[in-house]
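Fold the stuff below for me.
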Amino acid sequence: MQDWRRYLSDGDLATIERGKWARPVGYGVRPAVIVIDVQNYMAGEEAGNDPDKYPYAAPAVAWPAVRQIEAILAAARGAGAPIIYTRFAIDREAGDAGLFDAKIGAPESEYVYLEGTHGSEIVKDIAPQPGDLVITKKKPSSFFGTPLLPYLIERRVDTLIVTGGSTCNCVRATVFDAFSYNFRAIVPSDAVFDRMPISQAINLFDMNRCSADVVETSAVLEYLAGLKA
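From the prediction side, this is the model:
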């Protein structure tokens, strides 16, 4: 889980120790699970795909994470925990991309994140079920401009289990906002994914250092099973 250690110097480790960073916050008693942007444009095809067809997909890392998310969702449903899905989709005709198009030049394609395309749909293997909340967002954080915060407050949620992708972008933005709103953020490292290994490692490190508990899916499953019991 701690692949980030290879990127840290002895001085970095001393800084962490001196500042007492990365202390575990632990779980609360009312969790919710959020599945961030596990869409076709992110996952691609499980057997691998043509990168020219799915220019933003990372199937080699996305699909192992999907399998861990499946297990977390099953356990969360068994424990009666709320489940929220987000999907990132922009509508160029409506002009709602903001600066995203200025920074990232997605082609006009059925396989990217444009509203109404195959790429924008949530991966069928973990499709939402009746009673789940599905949020379409326009920015990285799942909280920005969405009903997520009042939804969690109404259900007295104190712990947000954050899954999906990508780790460096929408996962990280959501975790930092969750922390800012005083939710206990739990990130199962094998249930989130990023296109580049260094982004995965360093962003997990940063979240664990100051805003979340980075654990493994097995720990989340044990926690959820305890709630069910």
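
Which residues are in contact with the spatially closest residue to Gly165 that is not a sequence neighbour?
Nearest non-adjacent residue to Gly165, counting by C-beta to C-beta, 6 or more residues apart in numbering: Phe193, 4.6 Å away. C-beta here means a position set from N, CA and C on the backbone, and glycine is covered the same way. If you count contacts by C-beta atoms under 8 Å, 6 or more residues apart in numbering, Phe193 has them with Ala58, Val61, Ala62, Pro64, Ala65, Gly164, Gly165, Ser166, Thr167, Gln200.

Adding pLDDT, write those residues out as a markdown table.
Shown next, in a markdown table, are the contacts of Phe193 (pLDDT from 0 to 100):
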| residue | pLDDT |
| --- | --- |
| Ala58 | 95 |
| Val61 | 96 |
| Ala62 | 97 |
| Pro64 | 97 |
| Ala65 | 98 |
| Gly164 | 98 |
| Gly165 | 95 |
| Ser166 | 96 |
| Thr167 | 98 |
| Gln200 | 96 |
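
In the chain, which helix is the longest?
As assigned by DSSP state H, the longest helix anywhere in the chain is helix 59-79.

From the contact counts, what lies against it?
strand 31-36, helix 40-43, strand 83-88, strand 159-165, strand 192-193, helix 217-228 (3 or more C-beta pairs under 8 Å, 6 or more residues apart in numbering; DSSP states H and E).

among these, which is nearest Trp4?
With C-beta to C-beta as the criterion, Trp4 lies closest to strand 192-193 of the helices and strands packed on helix 59-79, at 13.4 Å.

which parts of the helix or strand of the chain with the lowest mean pLDDT are buried?
For the chain, counting by mean pLDDT, DSSP states H and E, helix 100-103 ranks last in confidence among helices and strands (a mean of 89). Neighbour counts over helix 100-103 (16 or more other C-beta atoms under 10 Å) mark Phe100 as buried.

And the helix or strand that comes right after that helix, what does it pack against?
Heading C-terminal from helix 100-103, the first helix or strand you meet, by DSSP states H and E, is strand 133-137. Counting contacts by 3+ C-beta pairs under 8 Å, 6+ apart, strand 133-137 packs against strand 83-88.

Mind listing residues that contact the strand it packs on?
Under the contact criterion C-beta under 8 Å, 6+ apart, strand 83-88 has outside partners 32-39, 73, 76-77, 113, 120-122, 128-129, 131-138, 142, 146, 148, 151, 164, 170.

hmm, 6 Å instead?
With C-beta atoms under 6 Å, 6 or more residues apart in numbering as the test, strand 83-88 has contacts from 33-37, 39, 76, 113, 122, 128, 132-137, 142.

Over to stretch 153-171?
27-28, 30-38, 42, 69, 82, 140, 174-175, 178, 183-187, 191-194, 199-200, 203, 220.

Please export the C-alpha coordinates of that stretch as PDB.
Backbone C-alpha positions of stretch 153-171 (Å, rounded to 0.1, in the frame of the first residue of the first chain) are rendered in PDB as follows:
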ATOM      1  CA  ILE A 153     -25.900  15.900   6.600                       C
ATOM      2  CA  GLU A 154     -29.500  14.700   6.300                       C
ATOM      3  CA  ARG A 155     -28.300  11.100   6.900                       C
ATOM      4  CA  ARG A 156     -26.000  12.100   9.700                       C
ATOM      5  CA  VAL A 157     -23.000  10.500   7.900                       C
ATOM      6  CA  ASP A 158     -19.700  11.000   9.700                       C
ATOM      7  CA  THR A 159     -17.500   8.800   7.500                       C
ATOM      8  CA  LEU A 160     -17.000   8.900   3.700                       C
ATOM      9  CA  ILE A 161     -15.400   5.900   2.100                       C
ATOM     10  CA  VAL A 162     -14.000   7.300  -1.100                       C
ATOM     11  CA  THR A 163     -13.400   5.000  -4.200                       C
ATOM     12  CA  GLY A 164     -13.000   5.500  -7.900                       C
ATOM     13  CA  GLY A 165     -10.800   7.700 -10.000                       C
ATOM     14  CA  SER A 166      -8.700   9.400 -10.700                       C
ATOM     15  CA  THR A 167      -6.700   9.500  -7.500                       C
ATOM     16  CA  CYS A 168      -4.800  12.700  -8.400                       C
ATOM     17  CA  ASN A 169      -7.800  14.600  -9.500                       C
ATOM     18  CA  CYS A 170     -11.400  14.000  -8.500                       C
ATOM     19  CA  VAL A 171     -10.600  11.600  -5.600                       C
END
